[in-house]
Structures are given as structure tokens and as C-alpha cells.
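Visitor: Quick one, structure for this:
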Amino acid sequence: MALRKPAEAAIDSTTFGSGSRERRTALLSGVIAIALGLVAADFATWIQLDVAVIYGLPLVLAGALRSRAVLWMLAASLVGATFLVYALQVPTGSFAPNETFFVNRVLDALSLLLVAGVLHLWMSSTAAREAQSRIIEEQNEKLQAARVARRMVEVQEAERREVSNRLHDLVGQKLTALSINLNIARSHLPPDRNSQVRTRLDDSLKMIEETTESIRDVMAELRPPVLDDFGLAPVLRWYAGEFTQRTGVLTSVVEEGQARRLTPTTEHALFRMAQNALANVAKHARADKAVIKLQTTADSVCLTVADNGDGFVPAAVQAPTQDHGWGLMIMRERAAAIGAQLTVDSAPGHGARIVVTLNENPDDQSSSRG
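Guide: Alright, predicted model coming up:
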């Protein structure tokens, strides 16, 4: 799906907007000119013209402007013109309320108001339909964007799983084979000879063990097996322990509500958002405590990550910069991908609180159980 750059969209909007204004101005000028011409013709011929018909023409043309204010101003002006022409043409002292031409003018004025009323209703109905169409179009665009974002998350998780499996099958197995071979070579060395070679072998075995541990950590970051096997709450507890050990930030997990499995996409997205939130704590917060709270009900899930760090002004990091804001942007994208709402509550000196709320529908729940 191709997306236009904001600058291009702004140029197009300005171009089309200016063209539309020029057409509206030209149409309004034409309507006014026609109305003035018809008033002049009415004044010149007077009773020879059907006022309701000829004055109704500018009203119909004004309908193309889709402006109810212009419509009623024009209608009022034309109604006034019908009586002005009559007043200028009727002989002095011959006016009577039941006089035929005056009665006809009153009926013509009522006809003009009726035409204006019908056009007003048509404009209102058209505007309502167009507004409804725009709302539906915007909702469809948001739904399509959410589907694309959800699909991107699924593709990313599939890629993570593939990389994790390859690390296990290729690198992990070869490191294991290399460790076995080095141990065999070490066992064939005489006990008291070639101490330098033995030391080198011990160092190599230690490096292999450390590399294997590092690869296991990377695999766990890419695709924690606990998440697939046991669900979101257990993987959060596991990751909190790992995070505490790695960073020194004491991290705990609080669970509220009845534990249940969510859809794989939802579990993965919530776990990644918790990872992003804790990564921000480690990088920027200078906190010594963090709490992950998972609240589940029959039809909703709420994930909260809070810390007691420095805090920040959320409005100041709406757009990511070179060093800040990318974590929040990624979390917002992940939340949008699963239809969740992400809110940030923070202030300088008062820590930060990231809340992700997801209201599930019955289809999501049935698919998670299935």
C-alpha cells in the first residue's frame, strides 16, 4: 500500500482547495449576476414574468454551492426584490391587500421560500451522507492500517522464531560438538605435561561455554520458549528475573484476575511492549525498582509497567529523536497492531507508568481457546 509523503499530500490539498475556492467564487458570481439580471428583467417587464419561476432559477444554481447560508441570504434578497419591484411599479394610492398583483407576489414569495426550504433539506441530507461516507472511509483506513500492522507483527515474530531456530540448530549444535572435541583432546594430554596447551584448552572451553550462554540469551530474547509453552504471565516473571539480574533494577510481577491464555499475537505483542518499557527503564530512568502488573478479566487485558525513576514529560517525546522516543513509538505501533490503547503517565521526578489496555471481542477469545 503506497503512502504519499505529508509534503506531497499538503501540496495536493492546497492545489485542489484553491481550485475549489476559485470555482465556488466563479459560481457565486454567476448566481448573483443572474439574480440581478432577472430582477432587472422583472422590473422592466413586471407582470409579464412568472416571478416564482425566474427567481427560483438562482436558488437552484445556488444549491450547487452547498452553502445553506448563501442559499437563505439569496432567498431573502429575492423575496425582498419581488416586493420592491411591485412597490416601484404599482401606481401611488392604488395599493390594496386583496389586489391581484400583490396577492400573486405574496404567493411567489412563498413559492421561493418553499424552493429554498426544499434545497436546504437536500443540502442537509447530502452533507450528512458525505460526512457519514467520510467517517466510514476513515474507519476503513484505520482498520486496514491495523490489519497491516498486525500482519507486520506476525511476520516479525515468525522471523524471530526462524532466527532462533537457526541459532539453535546451526550455531548451538556446532558449539556443542566443538566443546566435545576439545574435551576429548584435553583428556588425551598427559597429566603433568604440556601445561600451556592444557591452559589454552581450558580457556577455549570456557569461551565456548560463555558463547553458548550468550547465544541462549539471544535466543530467549528473540523467542522465549516459556511464552509459547506457558503464556504471558510466566514469561513476564522469567523476564523480570533476567532483567533484575542483568541491570540491578529490582523488578517484580503482580497478577490480578483469573489467569488465561490469550491469542499468540496478543501475548507476543504485550511481551514485546513489556520488554521495550523495561529497556527504557534501564536506559533512561535511573530507577532501582520496577513493577509489571498484569490484570485480566473475561474480556479485557491490562498490562502496566511502572518505575520509580527520574520520569519525563510525555509530550516532549511525541516524535522520536536520535537518542529518545523510539521505544515509545514502537510500543504505540505494537499496541495499535492488536487494537490496544497505550497511555503514558509520567512527570519529572515521579517515575513513569506505561499502561496498555486491550478489550477483546468474543472472536478473539474463541480463537485463543481454540
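Visitor: Can you give me the distance of the residue lying closest to residue 157 once chain neighbours are set aside to residue 231?
Guide: The shortest distance from residue 157 to any non-neighbouring residue, by C-beta to C-beta, 6 or more residues apart in numbering, is to residue 268 (5.0 Å). In this view, the C-beta of every residue, glycine as well, is placed from N, C-alpha and C. Going from residue 268 to residue 231 by C-beta to C-beta, to the nearest Å gives 11 Å.
Visitor: Neighbour count for those two, which is higher?
Guide: residue 268 (25 against 17; other C-beta atoms under 10 Å).
Visitor: Hmm, that one is touching residue 155, no?
Guide: No: with contacts counted by C-beta atoms under 8 Å, residue 268 stays clear of residue 155, the gap being 11.6 Å.
Visitor: tell me which strands and helices the helix or strand in which residue 71 is found is in contact with?
Guide: In this structure, residue 71 is located in helix 68-89 according to DSSP states H and E. The contact analysis (3 or more C-beta pairs under 8 Å, 6 or more residues apart in numbering; DSSP states H and E) places helix 68-89 against helix 6-45, helix 51-62, helix 100-166.
Visitor: how far is that helix from where the chain is centred?
Guide: 49 Å (C-alpha atoms, centre = their mean, to the nearest Å).
Visitor: Next, the angle helix 100-166 makes with it.
Guide: 170 degrees (axes from the mean of the first three to the mean of the last three C-alpha atoms, to 10 degrees).
Visitor: show me where pLDDT drops low in the stretch 1-150 of the chain?
Guide: Scanning the stretch 1-150 of the chain for pLDDT under 70 picks out 1-20, 24, 27-28, 31, 35-36, 38-55, 57, 91-96, 98-99, 149.
Visitor: Please, where are all the helices along the stretch 201-350 of the chain?
Guide: 225-230, 232-247, 264-280, 326-337 (DSSP state H, counting those that start in this stretch).
Visitor: which of the ones you listed sits most buried?
Guide: Mean neighbour count, computed with mean count of other C-beta atoms under 10 Å, is highest for helix 264-280 among these, reaching a mean of 22.
Visitor: Dump the helices of the stretch 201-350 of the chain to a markdown table, plus mean pLDDT.
Guide: What follows is those, written out as a markdown table (pLDDT from 0 to 100):
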| stretch | mean pLDDT |
| --- | --- |
| helix 225-230 | 81 |
| helix 232-247 | 92 |
| helix 264-280 | 90 |
| helix 326-337 | 84 |
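Visitor: List the contacts of residue 273.
Guide: Residue 273 sits next to 303, 305, 331, 334, 335, 342, 354, 356 when contact means C-beta atoms under 8 Å, 6 or more residues apart in numbering.
Visitor: Kindly recompute the last result at 10 Å.
Guide: By C-beta atoms under 10 Å, 6 or more residues apart in numbering, the contact list for residue 273 reads 303, 305, 327, 330-335, 338, 340, 342, 354, 356.
Visitor: What is the nearest of the residues you listed to residue 171?
Guide: residue 330 (27.1 Å; C-beta to C-beta).
Visitor: Quick check, the closest one in contact with residue 152.
Guide: No: judged on C-beta atoms under 10 Å, residue 330 makes no contact with residue 152 at a distance of 11.6 Å.
Visitor: Common neighbours of residue 268 and residue 231, please.
Guide: By C-beta under 10 Å, 6+ apart, residue 268 and residue 231 have these common neighbours: residue 262.
Visitor: how about residue 158, what does it touch?
Guide: Residues in contact with residue 158 (C-beta under 10 Å, 6+ apart) are residue 223.
Visitor: Roughly how far does it sit from residue 264?
Guide: 11 Å.
Visitor: cool, and residue 239?
Guide: Remark: distance between residue 239 and residue 264 (C-beta to C-beta) = 17 Å.
Visitor: could you measure residue 188 against residue 203, distance?
Guide: 18 Å.
Visitor: which one of those two has more residues nearby?
Guide: Taking other C-beta under 10 Å, residue 188 and residue 203 do not tie; residue 203 has more neighbours (10 against 6).
Visitor: buried ones in stretch 202-209?
Guide: residue 208 (16 or more other C-beta atoms under 10 Å).
Visitor: who's in contact with that stretch?
Guide: Residues outside stretch 202-209 that contact it (C-beta under 10 Å, 6+ apart): 175, 176, 178, 179, 180, 182, 183, 185, 186.
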